[in-house]
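**Student:** Quick one, what's the 3D model for this:
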Amino acid sequence: MGFYDSLALTAQNLIRSKGAAVVLKRAGTPVYTASEGTAETPYAEFGTFAVTIDGMLKEVDGMQVLSGDKTLYMESSVKPAVGDMVVLDSEPHAVVAVQRLAPAGVVVIYTVLARLGG
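**Tutor:** Residues are numbered from 1 along each chain as shown. Below is the predicted model of the structure:
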């Protein structure tokens, strides 16, 4: 096991022990029912762990980062994407930005900016 693999494992263990379980939801292809005239979007759900903090006031710019946004430091087991939903304390939050920390190509953590609603 390389240094960054070991670092990713350490990060995962810390996030799991100090963070909380979260559900990441990803929209699938909408299914249209012609007889009913309705469309439903199925969601795939992934369980993962994250440390969640309220957005830091110095980062709020009123455009990309809004008051009330949350920053999640998420383990690397599930790759989040913009457009996904994260359920925090039973409330859906839209994933509006994702950054990965991946030295030497090994993903250690994902930093996610999440916004209430979606």
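
**Student:** shouldn't residue 40 be in contact with residue 31?
**Tutor:** Yes: in this structure residue 40 lies within contact range of residue 31 using CB atoms under 8 Å: 5.4 Å. The way it works is simple: take the backbone N, C-alpha and C, and place the C-beta from them, glycine included.

**Student:** Give the closest residue to residue 2 in space, chain neighbours not counted.
**Tutor:** residue 106 (7.2 Å; CB to CB, 6 or more residues apart in numbering).

**Student:** Got the confidence number for that neighbour?
**Tutor:** You'll see residue 106 listed with a pLDDT of 94.

**Student:** Share the number of residues neighbouring it, please.
**Tutor:** 15 (other CB atoms under 10 Å).

**Student:** wait, what's in contact with it?
**Tutor:** 2, 4, 5, 7, 8 (CB atoms under 8 Å, 6 or more residues apart in numbering).

**Student:** Distance to residue 89, neighbour count and pLDDT added to those, as CSV?
**Tutor:** Output for those, formatted as CSV (distance: CB to CB, whole Å; neighbours: other CB atoms under 10 Å; pLDDT from 0 to 100):
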residue, distance to residue 89, neighbour count, pLDDT
2, 36, 9, 90
4, 32, 16, 91
5, 32, 12, 92
7, 29, 16, 92
8, 27, 22, 92
